[in-house]
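**Student:** here's a sequence, model it:
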Amino acid sequence: WRTRRLPESAIHLRRAVETARSPERFLFVEVPEALGLPPFETGEFDKARFEVFFERLNQALDALANATPRLLLWARNVWLTACGLPAEEDGWEEFRRQAAELARRVTNPNLLPLLKRASEAADSRAALESVLAFIASRPLRTWTDTDAERFEAQAAYLGDLWRAEQGEPDLQTTLSPEMRARALALAERLESSLRASGEPPEALRAALQLLLERLKG
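**Tutor:** Just a heads-up that it's a prediction; the model follows:
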């Protein structure tokens, strides 16, 4: 993507690749200069200089190669947080599951296309890229730093629509697998204790409702 949040050497190298005209000049002049090194002279070989050259080149290439994957994960997590879901792979799969269910009854024109992209894509990665492109109004690979900033605001807006369509959130869907297991174990202990109290079901339900209201406060 078109970010400038990169090391200077990576930015200069990207520019050199985009403007290269002569392969020879690109390799011996423009790439070294992009990495902050003097051009290589014809017939010259300096082992120390070549080691520095390749070290800087690899660092710049790594920065460029990892920029888009980092953006993808960041944008996914921003979106999931806006939806009230865990910012992790399990959260994304849960979003896709809920999107498939919600798409059958939602009519909001701002939300329905997003739900269909999430639920109808061929695979999880394709669905993610399609959803993020819809939110930002452009493919991820063409984003600029300004697009990334705007994405946060648009994700928050669409996340509010998502929450409104969902109604009362299902706490089970917002928990990690570990926390879900702990909640289930706690529920089983509470049920066993309450049943052993001998109180009538109406009293137990009322007590649980009061407890829930207190926990919310």
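
**Student:** when you work out contacts or count neighbours from here on, use the C-alpha atoms and nothing else.
**Tutor:** Will do.

**Student:** buried stuff in stretch 17-32?
**Tutor:** For stretch 17-32, burial by neighbour count (16 or more other CA atoms under 10 Å) applies to Phe26, Leu27, Val29, Glu30, Val31, Pro32.

**Student:** could I get the residues you listed in CSV, plus columns for secondary structure, pLDDT and distance to Ala16?
**Tutor:** As requested, these are arranged in CSV below (DSSP: H, G, I helix; E, B strand; the rest coil; pLDDT from 0 to 100; distance: CA to CA, whole Å):
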residue, secondary structure, pLDDT, distance to Ala16
Phe26, helix, 93, 7
Leu27, helix, 89, 10
Val29, helix, 93, 10
Glu30, helix, 94, 6
Val31, helix, 95, 7
Pro32, helix, 93, 10
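
**Student:** just the closest of those residues to Glu152, please.
**Tutor:** Within those, proximity to Glu152 (CA to CA) peaks at Val31, which comes in at 35.2 Å.

**Student:** if I pick the closest one, what's in contact with it?
**Tutor:** Leu13, Ala16 (CA atoms under 8 Å, 6 or more residues apart in numbering).

**Student:** worst mean pLDDT across the helices and strands of the protein, which element?
**Tutor:** Scoring the helices and strands of the chain by mean pLDDT, DSSP states H and E places helix 171-174 at the bottom, with a mean of 58.

**Student:** what about Val106, distance to Ala63?
**Tutor:** The span separating Val106 from Ala63 equals 41 Å under the rule CA to CA, to the nearest Å.

**Student:** the closest residue to Val29 other than its chain neighbours: what secondary structure?
**Tutor:** Distances taken as CA to CA, 6 or more residues apart in numbering put Pro39 closest to Val29, at 4.4 Å, once the chain neighbours are dropped. Reduced to three states with DSSP: H, G, I helix; E, B strand; the rest coil, the structure at Pro39 is coil.
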